[in-house]
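Peer 1: can't give you the sequence, but here's the structure:
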């Protein structure tokens, strides 16, 4: 019967710990997904429009520039002749 080296035993333990953490994260992800689905199913578009708070990760000026570019593109599109 062969004995395992200490390095191999450490590697196996690290792999087992990583697998355990992956299972925990997967379960947490599943729970969060279900919570989000429940939240969205209870929220109507009207509820979101009245007093909803939206947080953006972008800087305010960067977001403003981006929205202004989108508005300009939409304006150009609306000015194009139809047909």
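Peer 2: Yes, it's here. Computed from a prediction, not measured in an experiment: that's the story for all the values here.

Peer 1: Point out where this protein drops to low pLDDT.
Peer 2: 1-2, 43-54, 83 (pLDDT under 70).

Peer 1: just checking, what's the longest helix in it?
Peer 2: helix 6-42 (DSSP state H).

Peer 1: centroid residue for this structure?
Peer 2: Nearest to the mean C-alpha position of the chain, by CA atoms, centre = their mean, lies residue 33 at 10.4 Å.

Peer 1: From residue 22, how far out is that residue?
Peer 2: 16 Å (CB to CB, to the nearest Å). No exception for glycine: its C-beta is placed from N, CA and C like everyone else's.

Peer 1: And residue 30, by the same measure?
Peer 2: With CB to CB as the criterion, residue 30 and residue 22 are 13 Å apart.

Peer 1: got it, and residue 55?
Peer 2: For residue 55 relative to residue 22 (CB to CB), the value is 29 Å.
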